[in-house]
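Enquirer: build the 3D model from these lines:
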Amino acid sequence: MAVAPESLEWSLPVPSVQELAIQRLDKVPLRYARDDLDQIVTTTPSNPSLRVPLIDMTKLVNPDFHERELQKLHSACQEWGVFQIINHGVCDESLSNMKQQVQEFFDLPLQEKKRWAQKPGSLEGYGQAFVAIEEQKLEWSDMIFLKTLPVQNRSLDFWPKNPQEFRKTLETYSEHMRKVAVSIVRFIAMGLGVEAQQFCDNYKEGMYDVRMNCYPTCPEPERVIGLNPHADISGITLLLECGDMPGLQVLKDEHWLNVEPVNGAIVVNLGHVVEIISNGIYKAPDHRAVVNKSKQRLSIVTFCYPNSSVDIGPAEKLMKSGSQPQYKTLTSAEYFNSFYNRKLEDSFINSLKI
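Expert: Alright, predicted model coming up:
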């Protein structure tokens, strides 16, 4: 029997869901079966109000369109906490290369993937996150999680050497995601009315972690969850879909809505760091992943954090206007300790409220 994790910073080993899917089961194993899932609400193209906002980055930098697009971004952050960006400056080749490497990694035989498996004491590597007890219900997904920036945060023991171009491609992709993050947080800061340059600098020297997800086909998709409902603890999170199969859902007005893939777009969702800095003006949305019977889905998720020397608390400029702080101010170390040393079922953000 595996040793129980001492904190949420590491996870118990679990079976590969890809291997289960290969068996073409008629029913899902009991440990994956869930009877507590909400009804899935699907977006319809004819109803624009149920579509995640689309932000054009070229309009944000164009004086003729800047004000209107910035207001659109501000509304998206207030009302949704998630939006998609187009014309973000990352070339198609970089996105395609990363998608290809992720596909090739998950196509490897199980024993080869296990060379990069998680080890006790770390969430990094191939496996599944936040499995704290043997009886816990499992998600219908496999993943590999790697810290990519700054360079000294990397644990290359977990970085696959197969596929051959994986490491080099991930390095390049991480740098591109950093540029996107720095650009988008500048405009998020402008929308809030706080110091944009300082906000940007915090992310230029920030921390970037990448999680690559595989959601295999499932015989009973309505009885499982690909990724449990949660909000992210990052500043912002950047998600790249590897295909056209929807699976990401966001909770809005008590309904789960599909985030429909848009070709070439990157999904941005706000994390708790931005929620706290905004003093609750912006909210980190709950989201989840669902699966389907017919097609495997892959996604690449980049968690973007400010520099570890930066305290996390409501922005001073917002407090000067007479507002009362709704959240505690913590050091980066205190913030992460609070997250990883709580019970899995406890609300992290509620523990940070004053």
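Enquirer: C-alpha from now on. contacts and neighbour counts both.
Expert: Will do.
Enquirer: state the helix or strand in which Thr237 lies.
Expert: Here Thr237 is covered by strand 236-241, with elements defined by DSSP states H and E.
Enquirer: show me the contact partners of that strand.
Expert: If you take Cα atoms under 8 Å, 6 or more residues apart in numbering as the criterion, strand 236-241 is touched by 177, 181, 261, 265-271, 273-274, 298-305.
Enquirer: neighbouring strands of it in the sheet, and parallel or not?
Expert: Strands that pair with strand 236-241, judged by DSSP bridges, come out as strand 266-270 (antiparallel), strand 297-305 (antiparallel).
Enquirer: thinking again about what came up before, pull out the buried members of the contacts of strand 236-241.
Expert: Buried residues within these, counting neighbours by 16 or more other Cα atoms under 10 Å: 177, 181, 261, 265-271, 273-274, 298-305.
Enquirer: grab the nearest non-local neighbour of Pro229.
Expert: In space, and not counting its chain neighbours, Pro229 is closest to Arg288: 4.5 Å by Cα to Cα, 6 or more residues apart in numbering.
Enquirer: surely that neighbour touches Pro246?
Expert: No - applying Cα atoms under 8 Å as the test, Arg288 and Pro246 come out as separate, 11.6 Å apart.
Enquirer: that older thread, and the residue nearest to Pro229, how far is that from Val250?
Expert: Here the criterion is Cα to Cα, to the nearest Å. By it, Arg288 lies 7 Å from Val250.
Enquirer: looking at those two, which is more packed in?
Expert: Legend: neighbour count by other Cα atoms under 10 Å for Arg288 and Val250, higher for Val250 (24 against 20).
Enquirer: got phi/psi on that one?
Expert: phi -120, psi 140 (degrees, to the nearest 10).
Enquirer: tell me what the nearest residue in space to it that is not next to it in sequence is bridged to.
Expert: Excluding the flanking residues, the one nearest Val250 by Cα to Cα, 6+ apart is His287, at 4.3 Å. When assigned by DSSP bridges, His287 has beta-bridge partners His230, Val250.
Enquirer: and His287, how close does it get to Gly247?
Expert: Separation of His287 from Gly247 (Cα to Cα) stands at 10 Å.
Enquirer: list the buried residues for stretch 214-232?
Expert: Of all the residues in stretch 214-232, those buried under the rule 16+ other Cα under 10 Å are 214-219, 221-228, 231-232.
Enquirer: from those residues, which is closest to Glu195?
Expert: Of all the buried residues of stretch 214-232, the one sitting nearest Glu195 is Asp232; the distance, using Cα to Cα, is 23.3 Å.
Enquirer: which residues touch the nearest residue to the closest one once chain neighbours are set aside?
Expert: The spatial neighbour of Asp232 that comes closest, neighbours along the chain excluded (Cα to Cα, 6+ apart), is Gly271 at 4.7 Å. Applying Cα under 8 Å, 6+ apart, one finds that Gly271 lies in contact with Ala231, Asp232, Ile233, Ser234, Gly235, Ile236, Thr237, Lys283, Ala284, Pro285.
Enquirer: distance check, Leu50 against Gly264.
Expert: 21 Å.
Enquirer: which residues in this structure form helices?
Expert: Assignment of helices within the chain using DSSP state H yields the ranges 17-22, 57-60, 66-79, 92-107, 110-113, 166-192, 196-204, 272-277, 316-320, 332-340, 348-351.
Enquirer: okay if I get these as CSV plus mean pLDDT?
Expert: Shown next, in CSV, are those (pLDDT from 0 to 100):
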stretch, mean pLDDT
helix 17-22, 95
helix 57-60, 98
helix 66-79, 98
helix 92-107, 97
helix 110-113, 97
helix 166-192, 98
helix 196-204, 94
helix 272-277, 98
helix 316-320, 89
helix 332-340, 93
helix 348-351, 94
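Enquirer: so which of the ones you listed gets nearest His255?
Expert: From the helices of the chain, taking Cα to Cα, the stretch that ends up closest is helix 66-79, at 13.6 Å.
Enquirer: just the C-alpha atoms of the closest one, please, in PDB.
Expert: Below are the C-alpha coordinates for helix 66-79, written out as PDB (Å, rounded to 0.1, in the frame of the first residue of the first chain):
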ATOM      1  CA  HIS A  66      -8.300  50.300 -27.100                       C
ATOM      2  CA  GLU A  67     -10.900  51.800 -24.900                       C
ATOM      3  CA  ARG A  68     -13.800  49.700 -26.100                       C
ATOM      4  CA  GLU A  69     -11.800  46.500 -26.000                       C
ATOM      5  CA  LEU A  70     -10.500  47.300 -22.600                       C
ATOM      6  CA  GLN A  71     -14.000  47.800 -21.300                       C
ATOM      7  CA  LYS A  72     -15.000  44.400 -22.900                       C
ATOM      8  CA  LEU A  73     -12.000  42.800 -21.000                       C
ATOM      9  CA  HIS A  74     -13.000  44.400 -17.700                       C
ATOM     10  CA  SER A  75     -16.600  43.100 -18.100                       C
ATOM     11  CA  ALA A  76     -15.300  39.700 -19.000                       C
ATOM     12  CA  CYS A  77     -13.200  39.600 -15.800                       C
ATOM     13  CA  GLN A  78     -16.100  40.900 -13.700                       C
ATOM     14  CA  GLU A  79     -18.900  38.800 -15.100                       C
END
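Enquirer: no further questions, thank you.
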